[in-house]
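Q: Below are the sequence and a predicted model; questions follow.
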Amino acid sequence: MNPHHPALPPARMLPAELLPAELLPAEPPSTEPPPAEVLRRLVAACAAGEDPGPFALLRRAGTGADADRGELELELLRGELITVARIADLPLPPGGTGPRVLAIVPFRQLTEVGLPCVDDGSPLEALRVTEHLRVPLGDALAVLPTDGPSVHGGGFDLDDDQYAEQVRAVVRDEIGHGEGSNFVLHRTYTATLDGPPPHAALAALHHLLHTEPGAYWTFLIHTGRRTLVGATPERHVSAVDGQVTMNPICGTHRLPSDPPGSFDLSDPSDPSGAARAGLMRFLNDAKEIDELSMVLDEELKMMAALTDDGARVVGPHLKRMSRLVHTEYLLTGHSDADVRDILRATMFAPTVTGSPLHNALRVLARHERRGRRYYGGVAALLGFDTTGRQTLDAPILIRTAELTPDGQLRLPVGATLVRHSTPSGETAETHTKAAAILAAFGLRPAPTQPTRPTPRTEDPVIAAVLASRNTDLATFWFHRSPRRPLPPQAIPPGCAEHPSHPGSAEHSSQTGSAEPLLAGRSVLVVDAEDAFAVMLAHQLRSLGLRVTVRPWSQVTPPTDDRTAPAPEVDAMPEMDAVDLLVLGPGPGDPLAYRGGDPKMVALRRLAEYRLALGRPLLGVCLGHQLLADVLGLPLRRRPDPHQGLGRTIDLFGRPRRVGYYSTFAAVASTRGDSSEGDPSEGGSSEGELFRSGFGPVRLARDRGDGTVHALRGPSFVGMQFHPESVLSRDGLDILRTELSTLFAAAPIVPVG
Ligand SMILES: C=C(O[C@@H]1C=C(C(=O)O)C=C[C@H]1O)C(=O)O
Ligand SMILES: NC(=O)CC[C@H](N)C(=O)O
């Protein structure tokens, strides 16, 4: 018996002192019962309301047992409960293979790295694993209870009208004011259990194992202080053999049937093909497509910061759950970092927070005004493989109910809000997401038949529609060569390839190779609170430049102006010395410099300083807006935010596919309008000419509304779009062209 679980007495063994001496075996018998028996006793203890001690049951896809052994299993872990303050405190001493620690990381863990959130004090609890058993899934299902205690008094903390109003407010006040492109707001369903929570959780797990075969983890984690039970579709991050994988899932198609049955595209009971038609509408829905691209961009930022080889994108694919279908990408890269550092660096997924991450967290705290407990955090299984390398498997805690010993059930659920979200649509989405878990507690009708998991290969028509989404995306992020082949479990079924293959002409122009005019030049990228800066750095490096990235608060031009807000760090000589200064993208209203906003003041001063110096300067999005402002072009807030929007534009006479994440824009009025910023010459393929105090500026403007897509001056370039975004198919080529032109034109200034 496991000494940590005295509540579970041995079932069959008589105490040795009661046996006649001749019956005593020469060798002590194995006292370890078979795994299914251990589970049976655990279930019995829970049903009797006894304390089963900390344990977990995990049905893991991908990196789980299936991949190794080809049979379905439920992992049973037991261990000691520990509570730690920081992720780094999770104990992972070398030695032994297999899982060692199973942690539940609350959302408030963000405070550990100084990121904003409503701090509800939820603890970082973990099981230090003392026992790891594998129970064949069939045996487990035979032992798990089919019925749990009844549950009553359910309802959402925010009613539908209140949630819809929050959706409206975020779209209008945050996305509509340049604070970011997507935000996830949650609401929580609560109810009360009439019996022991671990027993209720086991019955719910049984239900979910049947109904959610498409889940990434179907699991129950009982720490003694709480029980989490759920079927989460989404891997947040895993690390196997130095291969780090993230899995942004976004876009939600609500399945029509109620109560739901199996979702089969060739379902003979759906002769009209209604299910298929609905799925096709979803796959072609601009909002759903944009949602996934936005979270792909945001997770690429994380991967770019985390891995030494950038990241590689695979997908998109469908992720099928019982009542809904999602779309997903997979991102892989290489990192030798300690798995606890990987966890710490990825708090938390953009699919449960928003973009850009830091400001999204502020927006969440502002609108949600209550803690998230474990919602949006992760479960994390840490251990070692047979070669002694650390392993990590961390799903996102969504579609997960928390049961507390006092019988409270909480199920938080959210939706990704984007510029074209509708309050009613997002509210309906939260109901559908909650339904699968609520059904497991008898709070919603159960599906009539088991759900079919996502097939290994997609239906060819659907696969083609999915693959076509990549034609407008940046090859650069699809063909970064991984250091080693992807492990088979990293590649999901029906892997869609990017249409441009290695070796093609398009591929070589889009994947980066050192440029003669750029190679070896030094660049300082100023991060204006958007990790797009790190993606830009990867692209610039691929063009041969030497790149440093620094937060805006640590970069400041030399100034004698003592009235200006005090910089955190003294003037940096490299401001003058670097061959190229890049002012990066960032959230917020660029004109807020007038009210003294420290970030906007600092960035604008950098633009002024570098312009006066006459040395190469590139402004991207927010950086471009502040550059345009210094040049004398007016800035306007768009009525139609371009947050997360791919467009084909006319860029100095060439059609270019680029991605926008902006609500503001510089505007140059059309000829005949006498307002400031009037271009002084008519349009040409070279763009219109605007005379600024820093020399003539060529403008690439939108013919419809006059907004400035890009500008070229004697020593500077501005881009309203994001060349680094996955939405910018032509981003890398634009950077190459614009920077080469800039360096060809810019006088060589000796620095000494
Ligand atoms: C936020 C949740 O789910 C996330 C949001 C999705 C969406 O908005 O389409 C889809 C999958 C998840 O990444 C949740 O279940 O609470
Ligand atoms: N991505 C950005 O740099 C955005 C700039 C600015 N916050 C806007 O929304 O227009």
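A: Received, thanks. Ligands and ions are numbered 1, 2, ... in the order given.

Q: and residue 744, what is it in contact with?
A: Counting by CB atoms under 8 Å, 6 or more residues apart in numbering, residue 744 touches residue 517. C-beta here means a position set from N, CA and C on the backbone, and glycine is covered the same way.

Q: list the buried ones in the helix or strand that contains it?
A: Using DSSP states H and E, residue 744 sits within helix 731-745. Using 16 or more other CB atoms under 10 Å as the burial criterion, the residues of helix 731-745 that qualify are 731-739, 742-743.

Q: What average pLDDT does that helix get?
A: For helix 731-745, mean pLDDT rounds to 95.

Q: That helix and ligand 2, are they touching?
A: No - Helix 731-745 does not reach ligand 2 (CB under 6 Å from any ligand atom); its nearest approach is 13.7 Å.

Q: Check the offset of that helix from the chain's centre.
A: Mean C-alpha position of helix 731-745 versus that of the full chain (CA atoms, centre = their mean, to the nearest Å) differs by 31 Å.

Q: same deal with stretch 321-328?
A: 17 Å.

Q: Contacts made by it with the rest, please.
A: Against stretch 321-328 from outside (CB under 8 Å, 6+ apart): 211-212, 214-215, 231, 233-234, 247-255, 260, 263, 279, 282-283, 288, 292, 315-320, 399, 432-433, 435-436, 447, 451, 466, 492.

Q: ok, back up a step: extract the CA atoms of the helix holding residue 744 and return them as CSV.
A: Provided in CSV are the C-alpha atoms of helix 731-745 (Å, rounded to 0.1, in the frame of the first residue of the first chain):
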residue,chain,number,x,y,z
GLY,A,731,5.8,41.4,-44.8
LEU,A,732,9.4,40.1,-45.0
ASP,A,733,9.8,41.2,-48.6
ILE,A,734,8.5,44.7,-47.8
LEU,A,735,11.0,45.0,-45.0
ARG,A,736,13.8,43.9,-47.3
THR,A,737,12.9,46.4,-50.0
GLU,A,738,12.2,49.3,-47.7
LEU,A,739,15.3,48.9,-45.6
SER,A,740,17.6,48.3,-48.5
THR,A,741,16.3,51.5,-50.1
LEU,A,742,16.7,53.3,-46.8
PHE,A,743,20.3,52.2,-46.4
ALA,A,744,21.1,52.9,-50.1
ALA,A,745,19.8,56.4,-49.7
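
Q: neighbours of the residue in the stretch 151-300 of the chain that ligand 2 sits nearest to, just the number please.
A: Going by CB to the nearest ligand atom, ligand 2 is nearest to residue 178 of the stretch 151-300 of the chain, at 2.8 Å. Residue 178 has 26 neighbouring residues, counting by other CB atoms under 10 Å.

Q: buried sites along the lengthiest helix in the chain?
A: Under DSSP state H, the helix in the chain containing the largest number of residues is helix 286-306. By 16+ other CB under 10 Å, the buried positions in helix 286-306 come out as 287-306.

Q: from the chain's centre, how far out does it sit?
A: Remark: helix 286-306 is offset 7 Å from the chain centroid, using CA atoms, centre = their mean.

Q: is that helix anywhere near ligand 2?
A: No - using CB under 6 Å from any ligand atom, helix 286-306 stays clear of ligand 2, coming no nearer than 10.5 Å.

Q: Pairing partners for whichever helix or strand comes after that helix, with directions?
A: Counting by DSSP H and E, the next helix or strand C-terminal to helix 286-306 is strand 312-320. Partners of strand 312-320 in the sheet, by DSSP bridges, are strand 324-334 (antiparallel).

Q: separation between residue 613 and residue 576?
A: 7 Å (CB to CB, to the nearest Å).

Q: pull the longest strand from this protein.
A: Across the chain, the longest stretch assigned as strand under DSSP state E is strand 635-651.

Q: what packs against that strand?
A: helix 286-306, helix 622-631, strand 654-666, strand 695-701, strand 708-712 (3 or more CB pairs under 8 Å, 6 or more residues apart in numbering; DSSP states H and E).

Q: Each with direction, which strands does that strand pair with?
A: Counting by DSSP bridges, strand 635-651 is paired with strand 654-666 (antiparallel).

Q: Now residue 92: which helix or strand?
A: Going by DSSP H and E, residue 92 is not in any helix or strand.

Q: what's the closest non-adjacent residue to it?
A: residue 382 (5.6 Å; CB to CB, 6 or more residues apart in numbering).

Q: Point out where the protein drops to low pLDDT.
A: 1-30, 62-70, 257-272, 449-458, 480-512, 557-574, 669-685, 746-752 (pLDDT under 70).

Q: by how many degrees do the longest helix of the chain and strand 324-334 diverge?
A: On the basis of axes from the mean of the first three to the mean of the last three CA atoms, to 10 degrees, helix 286-306 is oriented at 20 degrees to strand 324-334.

Q: What parts of the stretch 251-400 of the chain come near ligand 1?
A: 251-252, 291, 326, 351-352, 398-399.

Q: can you tell me which of those residues are in helices?
A: Filtering these for helices - DSSP H - leaves residue 291.

Q: Who wins on neighbours among the residues of the stretch 251-400 of the chain next to ligand 1?
A: residue 351 (31 neighbours).

Q: contacting residues around it?
A: 184, 234, 248-250, 295, 396, 416.

Q: export those residues to JSON lines and tack on secondary structure?
A: Supplementary listing: these in JSON lines, determined by DSSP: H, G, I helix; E, B strand; the rest coil:
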{"residue": "184", "secondary structure": "strand"}
{"residue": "234", "secondary structure": "coil"}
{"residue": "248", "secondary structure": "coil"}
{"residue": "249", "secondary structure": "strand"}
{"residue": "250", "secondary structure": "strand"}
{"residue": "295", "secondary structure": "helix"}
{"residue": "396", "secondary structure": "strand"}
{"residue": "416", "secondary structure": "strand"}
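
Q: quick one: buried residues of stretch 406-425?
A: Applying 16+ other CB under 10 Å to stretch 406-425 flags 407, 409-421, 423 as buried.

Q: which of those are close to ligand 1?
A: Counting by CB under 6 Å from any ligand atom, 413-416 from the buried residues of stretch 406-425 sit close to ligand 1.

Q: what does the chain put close to ligand 1?
A: Residues of the chain lying near ligand 1 (CB under 6 Å from any ligand atom): 184, 234, 249-252, 291, 326, 351-352, 398-399, 413-416, 433.

Q: rerun that using 8 Å as the cut-off
A: 184, 186, 233-234, 248-252, 288, 291, 295, 326, 349, 351-352, 375-376, 396, 398-399, 412-416, 429-430, 433 (CB under 8 Å from any ligand atom).

Q: give the contact list for residue 523.
A: 537, 540, 545-548, 578-582.

Q: what do you get if the cut-off is 6 Å, keeping everything else the same?
A: Going by CB atoms under 6 Å, 6 or more residues apart in numbering, residue 523 touches 540, 545, 547, 580.

Q: and what of residue 655?
A: Going by CB under 6 Å, 6+ apart, residue 655 touches residue 648.

Q: Begin at 8 from now on, thanks
A: From this message on, residue numbering opens at 8, which makes the last subject residue 662.

Q: What's opposite it in the beta bridge?
A: Residues in beta-bridge contact with residue 662 (DSSP bridges): residue 657.

Q: Can you tell me how far it is from residue 669?
A: Relative to residue 669, and taking CB to CB, residue 662 is found at 20 Å.

Q: now residue 66
A: Using CB to CB, residue 66 is found at 43 Å from residue 669.

Q: Spell out which parts of this protein neighbour ligand 2.
A: 184-188, 363, 535, 537, 539, 591-597, 627-632, 644-645, 648-650, 668-672, 729.

Q: which of those residues count as buried?
A: Here, 16+ other CB under 10 Å leaves 185-188, 363, 535, 537, 539, 591-597, 627-632, 645, 648-650, 668-672, 729 buried among those.

Q: ok, residue 43 - contacts?
A: 142, 146.

Q: Try it again at 7 Å.
A: Contact analysis of residue 43 by CB atoms under 7 Å, 6 or more residues apart in numbering lists 142, 146, 150.

Q: which neighbours does the one helix or strand the first one maps to have in its sheet, and in what orientation?
A: Here residue 142 is covered by strand 131-143, with elements defined by DSSP H and E. Each strand that pairs with strand 131-143, with its direction, by DSSP bridges: strand 80-91 (antiparallel), strand 105-112 (antiparallel).
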